[in-house]
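Novice: Build me a model:
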Amino acid sequence: MVLLNVSNLKKMFLDETLFDGVSFNIADGDKIGFVGVNGAGKSTLFKIINGMMDHDGGEIYRNKLTKTGYLDQHTCIESDKTIMGEMLSAFEEVIDIENQLEDIRYDIENKNGDLDTLIARQTSLHERFEELDGYQYKSRIRSALIGLGFSEDEFDKKVSTLSGGQKTRVSLGRLLLSDANLLLLDEPTNHLDIDSVEWLEGFLQSYKRAFVVISHDRYFLDKVTNRTFEMDSGRLRTYTGGYSEYTKQREVERLTEERNYANTMREIERLEGIVEQQRRWNREKNIKTAESKMKVIDKLEKTLVKPQSEQEEITFSFKSLPGGGNDVLIAENLGMSFNGKRVFHGANAHIVKGEKVFLLGANGCGKTTLIKEILGQYEPTEGSVKIGANIEIGYYDQIQENLDPEKNIFDELHDTYPNMTTTEIRNALAVFLFRGEDVFKEIKKLSGGERARVELAKLMLRPVNFLIMDEPTNHLDIDSREALEKALENYDGTMLMVSHDRYFINKLADRILYMTENGLENYLGSYDDYMEKKAAVAHEAAEQAPEKPKNLDYQEQKRLAAEKRKVLNRFKKVEELIDELENEINDINEEMLDPKLSDDFTKLAELSEKAQAKNEELEKLMEEWEELQIEIEEKGYEE
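Specialist: Residues are numbered from 1 along each chain as shown. From the prediction side, this is the model:
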């Protein structure tokens with residue numbers, strides 16, 4: 001089923017055309033990644049589709065069954081509800097049916113109204129409730145909130161007290177659980193740590209409806225999409241496959257376009273030579289030949305497709321300061337507490353010259369705090385930090401605190417490097433696509449991506465041998481991320497990076513340090529290597545756990561075996577009880593429809609009350625089943 005069809009869509013701002021001739025369709029179940037440089041018009045197209053912005057040409061057809069859900073990348077909900085209350089708003093119909101069923105049960109018990117009408121209405125509502133998966137909506141909310149990084153203790157927090165990033169996560173969770181059948185997701189992985197992004201990947205991989213997702217996270221796009229839209233130079237192109245497949249197809253397409261264009265231009269030049277020659281000879285036969293060839297030229301020119309002009313690329317490099325000791329950083333038993341509350345402790349790290357090390361961990365685990373201890377901006381409450389001899393640090397701050405919002409771009413660089421000439425500063429900024437009057441834009445008026453490029457320009461000009469970067473790919477589009485990757489690949493100094501961009505990590509990492517409240521876990525290799533090792537360790541632990549009687553006394557072995565047996569038996573029993581209850585509920589509903597009971601109000605009231613009790617019992621069993629399933633997976637229990 002086609003949910004949305006767009007034909008020859010056009011959008012202008014003043015006299016500038018943002019895009020034109022945009023055509024595509026979205027079918028039920030499509031999983032589409034939407035890529036393109038910042039400012040290409042992706043978010044604008046989303047707003048047009050969602051009815052939040054007008055268009056200047058073309059048509060949009062929506063199926064009457066299409067219900068769109070939209071996540072703005074800058075969303076910041078204002079609500080007096082709790083987190084749980086906000087999530088419950090995605091299930092208004094389910095909750096309304098619950099309330100109606102309770103009212104009907106009361107009316108049946110108290111003989112209020114026509115019994116046949118009440119029973120028919122009750123049956124209809126039960127069917128709709130089951131269609132909406134009503135018995136599991138509370139457990140689905142719990143699963144989504146935990147997956148998005150909220151603890152159960154936070155469910156009752158007021159949304160108004162949350163940070164902007166937390167509010168975005170609540171909005172995302174509510175949208176994912178809504179009844180929309182076409183999701184428009186604009187940068188949904190912003191504000192998510194790697195664990196939450198992986199949860200979102202799992203959710204979208206099993207999602208049965210359609211979505212279009214704008215993202216610069218290439219790893220994420222490869223995981224969840226089966227089609228790709230690209231907005232480039234005002235045109236939209238569609239491709240099959242995820243991001244990696246799209247790049248291969250796009251390269252083949254680009255080379256084909258260039259080859260066809262070059263061949264056609266050579267043919268036109270050849271024909272123009274013939275025309276010129278025939279006209280010089282100026283005989284009747286020659287004139288006819290020239291006219292014939294001109295018709296061919298005109299035809300070729302009309303069908304000539306000029307290749308898309310290549311986007312301006314950012315190409316830069318970081319200056320590596322020679323020298324410096326082999327031991328670049330030694331951290332011993334580092335810890336940090338704020339107002340008596342411990343953030344982490346026992347962090348040990350030894351980074352040597354030339355290493356590219358990535359620091360990973362959940363949001364709030366203390367990664368930025370650790371970086372600031374290394375930089376000397378925070379005094380550790382535990383342990384010590386030693387920076388090697390002749391080590392010069394260059395630091396990239398993810399929130400750009402190093403930039404003065406009251407300055408313009410040019411002055412920001414000039415004040416940092418006063419010995420540079422105007423020409424040198426302009427040349428440096430031109431590398432990051434700030435040219436002409438753009439260099440006088442005020443920092444406070446820049447987009448996140450523009451501020452990131454200014455920060456990178458400042459860092460590029462400083463010779464350092466130890467780069468520390470906190471989420472450097474945030475706010476950068478894919479082209480800018482790839483330019484940064486190339487620059488860092490060629491950098492021969494030492495690097496310590498905080499990042500949740502797994503594609504970026506895979507490109508560069510020699511080693512990964514995973515941070516927990518109890519210190520740093522060390523893994524050699526890329527992100528994929530790290531994931532394989534974690535999986536292998538977990539698998540090995542699960543396999544070996546029951547086979548370690550030497551390390552456990554007899555009583556402990558018996559306790560663990562009994563615990564496993566108890567969980568598995570209960571899981572099996574719960575499944576059986578769920579089946580029994582579902583059958584009993586169906587039997588009760590059928591019995592209530594028996595014409596023989598149409599005048600037996602007492603019996604019908606009893607049956608109605610019994611059905612209600614069974615449904616409540618079923619909901620509790622479904623929640624217990626999910627909890628047991630999670631425990632079995634986490635502990636590696638097997639039948």
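
Novice: State the distance from the residue nearest the centre of the chain to Ser215.
Specialist: The centre of the chain sits closest to Thr189, judged by C-alpha atoms, centre = their mean, with a distance of 2.7 Å. To Ser215, Thr189 is 6 Å away according to C-beta to C-beta, to the nearest Å. In short, each C-beta sits where N, CA and C put it, glycine included.

Novice: next one: Arg342
Specialist: 35 Å.

Novice: my guess is Thr189 meets Trp199, correct?
Specialist: No: if you go by C-beta atoms under 8 Å, Thr189 and Trp199 don't touch, sitting 10.9 Å apart.

Novice: that older thread, look at Arg342 and Ser215 and report which has more neighbours.
Specialist: Ser215 (23 against 13; other C-beta atoms under 10 Å).

Novice: The nearest residue to that one once chain neighbours are set aside: neighbour count?
Specialist: Distances taken as C-beta to C-beta, 6 or more residues apart in numbering put Leu221 closest to Ser215, at 5.6 Å, once the chain neighbours are dropped. A count of neighbours around Leu221, defined by other C-beta under 10 Å, yields 25.

Novice: before we move on, what about the one 4 residues further on?
Specialist: Here the count is done by other C-beta under 10 Å, and Thr225 has 26 residues near it.

Novice: Surely it touches Phe34?
Specialist: No: the pair Thr225 and Phe34 fails to qualify as a contact (C-beta under 8 Å) at a distance of 9.1 Å.

Novice: which regions of the stretch 1-150 of the chain lie under the pLDDT threshold?
Specialist: Within the stretch 1-150 of the chain, the segments meeting pLDDT under 70 span 75-76.

Novice: need the helices for it, in chain order.
Specialist: Under the criterion DSSP state H, counting those that start in this stretch, helices of the stretch 1-150 of the chain are mapped to 42-49, 83-88, 92-109, 115-131, 137-147.

Novice: Using CSV, lay out those helices together with distance to Thr368 and mean neighbour count.
Specialist: Shown next, in CSV, are the helices of the stretch 1-150 of the chain (distance: least, C-beta to C-beta, whole Å; neighbours: other C-beta atoms under 10 Å):
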stretch, distance to Thr368, mean neighbour count
helix 42-49, 28, 21
helix 83-88, 24, 20
helix 92-109, 39, 16
helix 115-131, 46, 16
helix 137-147, 23, 19
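
Novice: okay if I get those helices as a markdown table plus distance to Cys365?
Specialist: Formatted as a markdown table, the helices of the stretch 1-150 of the chain follow (distance: least, C-beta to C-beta, whole Å):
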| stretch | distance to Cys365 |
| --- | --- |
| helix 42-49 | 31 |
| helix 83-88 | 21 |
| helix 92-109 | 35 |
| helix 115-131 | 41 |
| helix 137-147 | 16 |
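
Novice: what's near enough to touch Gln249?
Specialist: If you count contacts by C-beta atoms under 8 Å, 6 or more residues apart in numbering, Gln249 has them with Tyr239, Thr240, Gly241.

Novice: Of those - the most surrounded one?
Specialist: Tyr239 (20 neighbours).

Novice: Touching, Asn408 and Leu446? I think so.
Specialist: No: checked against C-beta under 8 Å, the pair Asn408 and Leu446 is beyond contact range at 9.7 Å.

Novice: dump the residue contacts of Thr381.
Specialist: Gly335, Met336, Ser337.

Novice: Could you do Asp492 as well?
Specialist: Ser320, Gly354.

Novice: Next up, phi/psi of it, please.
Specialist: phi -100, psi 10 (degrees, to the nearest 10).

Novice: Can you tell me the closest non-neighbouring residue to Lys444?
Specialist: Pro405 is the one closest to Lys444 (C-beta to C-beta, 6+ apart), at 3.8 Å.

Novice: any idea where the helices of the stretch 201-350 of the chain begin and end?
Specialist: Counting by DSSP H, counting those that start in this stretch, the helices of the stretch 201-350 of the chain are 218-224, 243-281, 284-303.

Novice: Quick one: closest of those helices to Asn615.
Specialist: Closest approach to Asn615 among those (C-beta to C-beta): helix 218-224, 34.8 Å.

Novice: what's that closest one in contact with?
Specialist: Under C-beta under 8 Å, 6+ apart, the answer for helix 218-224 is 31, 33, 35, 189, 197, 200-201, 204-205, 213, 215, 228, 242-244, 478, 481, 501-503, 506.

Novice: repeat that for 7 Å
Specialist: 31, 33, 189, 197, 201, 204-205, 215, 242-244, 478, 502-503 (C-beta atoms under 7 Å, 6 or more residues apart in numbering).

Novice: got it, and stretch 207-215?
Specialist: Against stretch 207-215 from outside (C-beta under 7 Å, 6+ apart): 3, 26-34, 42-43, 181-189, 204, 221, 225.

Novice: Now, of the residues you listed, which are buried?
Specialist: 3, 26, 30-34, 42-43, 181-189, 204, 221, 225 (16 or more other C-beta atoms under 10 Å).

Novice: Where strands are concerned, which of those count?
Specialist: Among these, DSSP state E puts Leu3, Ile26, Lys31, Ile32, Gly33, Phe34, Leu182, Leu183, Leu184, Leu185, Asp186 in strands.

Novice: These into CSV, with extra columns for distance to Lys564?
Specialist: CSV is the format used below for those (distance: C-beta to C-beta, whole Å):
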residue, distance to Lys564
Leu3, 47
Ile26, 47
Lys31, 38
Ile32, 44
Gly33, 42
Phe34, 47
Leu182, 44
Leu183, 40
Leu184, 45
Leu185, 40
Asp186, 45
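
Novice: Of the residues you listed, just say which sits nearest to Glu251.
Specialist: Using C-beta to C-beta, those come closest to Glu251 at Gly33, 16.8 Å.

Novice: Distance check, that closest one against Lys42.
Specialist: On the measure of C-beta to C-beta, Gly33 and Lys42 end up 11 Å apart.

Novice: How about the secondary structure of Thr368?
Specialist: helix (DSSP: H, G, I helix; E, B strand; the rest coil).

Novice: Tell me the spacing between it and Ile374.
Specialist: In terms of C-beta to C-beta, Thr368 sits 11 Å off from Ile374.

Novice: These two - which one has more neighbours?
Specialist: Neighbour totals were compared for Thr368 and Ile374, and Ile374 leads with 24 against 17 (other C-beta under 10 Å).

Novice: element containing the nearest residue to Asp528 once chain neighbours are set aside, please.
Specialist: Residue nearest to Asp528 in three dimensions, not counting chain neighbours: Asn506, with 5.9 Å by C-beta to C-beta, 6+ apart. Using DSSP states H and E, Asn506 sits in helix 502-508.

Novice: Which is the succeeding secondary structure element to that helix?
Specialist: strand 511-516.

Novice: From the contact counts, what lies against that following strand?
Specialist: Applying 3 or more C-beta pairs under 7 Å, 6 or more residues apart in numbering; DSSP states H and E, we find strand 511-516 packed against strand 356-360, strand 519-524.

Novice: Just want the angle from the longest one to strand 356-360.
Specialist: What it means is strand 519-524. 140 degrees (axes from the mean of the first three to the mean of the last three C-alpha atoms, to 10 degrees).

Novice: Neighbouring strands of strand 519-524 in the sheet, and parallel or not?
Specialist: Paired neighbours of strand 519-524 in the sheet (DSSP bridges): strand 511-516 (antiparallel).

Novice: Name the residues of the strand it pairs with that are buried.
Specialist: Buried residues in strand 511-516, counted by 16+ other C-beta under 10 Å: Arg511, Ile512, Leu513, Tyr514, Met515.

Novice: The last one and Thr369 touch, don't they?
Specialist: No: with the criterion set as C-beta atoms under 7 Å, Met515 and Thr369 do not qualify as a contacting pair; they are 9.7 Å apart.

Novice: all strands for the stretch 351-500 of the chain, in order.
Specialist: 356-360, 382-387, 393-396, 466-470, 494-498 (DSSP state E, counting those that start in this stretch).
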